[in-house]
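> Turn this into a structure:
(one chain, ligands or ions: 1)
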Amino acid sequence: MRYQRPKGTADILPDEAQKWNYVEETARMLFNDYRYQEIRTPMFESFDVFSRTSGDTSDVVTKEMYDFTDKGDRHMSLRPEGTAGVVRAFVENKLYGPEHPRPVKVFYMGSMFRYERPQSGRQREFHQIGVEAFGSNEPELDVEVIAMGMDLLQHFGLSDLRLEINSLGDKASRDAYRQALIDYLDPHFDELSDDSKVRLHKNPLRVLDSKDKRDQEIVKGAPSILDYLNEDSKKHFDRVKALLESLNIPYVIDPEMVRGLDYYNHTIFEIMADSKALGEGYTTICAGGRYNGLVEELGGPEMPGIGFGLGMERLLLLMNAQNVKLPVLDQLDVYVVGIGEQTSVETLQIVQALRADGFASDRDYLDRKPKAQFKTANKLNAQYTITIGETELKNKTANVKQMRTGHEVTVAVSDILHDFDDIITKHFTDDEEID
Ligand code: HAM
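The predicted structure follows:
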């Protein structure tokens, strides 16, 4: 029996994991600059946490949930996205309390699960880096979140990104729009897909997001949400646009954008890239928006919120396609070569002492001949080798060689154990220090 990973999942092997680490570390540093702190919430929650928030007409809830009944007869689901769990945690742990300065700004990284048809950049287990900010309705915060998303992608060396924005307005605007949409779509009822027929009266905005070609044709003539924004909503959106301009962040307004989850209002946005690696046309890498009302929906006080989610797999596919070079983080500083079995204790002591000193070091564990050990040191791109043979063992010395220049010195083993950094400074002074 040969086992295979579940469909729509991926093994992230060491070479690839290095890139993930780089991306995650870079994101952490940037989030620190913007003062977002990490939050970790469970990988599964009550099914209701997602159905109440993403909306029970959304594809995510109706078709893609990894839900199950646990042994205690509770209806649970693996998280399809990060926002609902963070909002649940925000309410349950009373992060809205006065001891938490507002806006409360958090980020998270981790696996999400959606039962989707796998394809390039679309998996059943995928990973998001996400942020959420609670407690301010100021358009300035919308723009901070959008700017941070753009900043993050630019930090990864990506170019040719497209920022699309739209506004869904407040509840009153959306109610007015909802009626206008129903009035427009009703005469086309018989031509709509089965999904859209069900959704028309429950949540007509979902019809705008339909993947069905016929639905898409009908929707082309639908009224635009932007014509239904009331004064307040229009003012909010105008301010967001003006602030983006003041930061020189180019954007395109897509009046048809509604997003796939139900909790949004006011500003919504998607950062996209046109790359074959992600399929035909523009694909969204990072997306989000405002969700005023969601905290209340999960039992908290009135508290606005906004955030985004960025797809790790899509990000890495795009970085690969755009040939972004990542700094190598796995430098091997020293490879210790032992000639003869009797040197084994010394070489082990040396690698351990070097590691304790912060040098990435390794040695042979397969009893290989010196030639094979040097070959390994070369292959691993070691900066230095330290060699001990019979003579060195007798003299309590070792040979230190800088691989790049071939420059070699003999030093006392005790000096290596005591302070290898000093040996490098003394004998390889012209060369950059290693860290
Ligand atoms: P979303 O648009 O559903 O939003 O997902 C955000 C990003 O996650 C997508 O743009 C995409 O890059 C990635 N993604 C989604 N599904 C998949 C998949 N099956 N395979 C690979 N990548 C995928 C949200 O999830 C919201 N929680 C974002 C948000 C946070 N809004 C406010 N705060």
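
> ok and the residue in this structure nearest the ligand?
G311 (2.3 Å; C-beta to the nearest ligand atom). The way it works is simple: take the backbone N, C-alpha and C, and place the C-beta from them, glycine included.

> contacting residues for that residue?
For G311, the contacting residues are 121, 126-128, 284-286, by C-beta atoms under 8 Å, 6 or more residues apart in numbering.

> Just to check, A412 is in contact with K396?
Yes: with contact defined as C-beta atoms under 8 Å, A412 counts as touching K396 (6.2 Å).

> The ligand contacts on the stretch 201-350 of the chain?
The stretch 201-350 of the chain has residues 260-261, 284-289, 307-309, 311, 313-314 near the ligand, with proximity defined as C-beta under 6 Å from any ligand atom.

> Bridge partners for the residue nearest the centre of the chain, pull those for me.
For the chain, I129 is the residue whose C-alpha lies nearest the centre (C-alpha atoms, centre = their mean; 2.8 Å). According to DSSP bridges, the residues that bridge with I129 are M109, L310.

> Next one: it from A147, what distance?
According to C-beta to C-beta, to the nearest Å, I129 and A147 sit 16 Å apart.

> do the same with R102
Relative to A147, R102 is positioned 19 Å away (C-beta to C-beta).

> just to revisit the earlier point, among the residues of the stretch 201-350 of the chain next to the ligand, which ones are in helices?
Counting by DSSP state H, those place 313-314 in helices.

> Lowest-confidence entry in the residues of the stretch 201-350 of the chain next to the ligand?
Lowest pLDDT of those: G260, 86.

> Quick check: phi and psi at that residue.
Backbone torsions of G260, given as degrees, to the nearest 10, read phi -90, psi 0.

> Beyond the longest helix along the chain, next helix or strand please.
Selection of the longest helix in the chain by residue count, based on DSSP H, yields helix 14-33. Next along the chain after helix 14-33, taking DSSP states H and E as the criterion, comes strand 37-38.

> Give me the distance from that following strand to the chain's centre.
14 Å (C-alpha atoms, centre = their mean, to the nearest Å).

> picking up where we left off before, export the contacts of G311 as a markdown table, with columns for neighbour count.
As requested, the contacts of G311 are exported to a markdown table (neighbours: other C-beta atoms under 10 Å):
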| residue | neighbour count |
| --- | --- |
| G121 | 20 |
| F126 | 21 |
| H127 | 21 |
| Q128 | 21 |
| T284 | 21 |
| I285 | 26 |
| C286 | 26 |
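
> Could you dump the residues you listed into TSV with distance to L153 added?
Below are the contacts of G311 laid out as TSV (distance: C-beta to C-beta, whole Å):
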residue	distance to L153
G121	15
F126	17
H127	16
Q128	14
T284	12
I285	7
C286	7
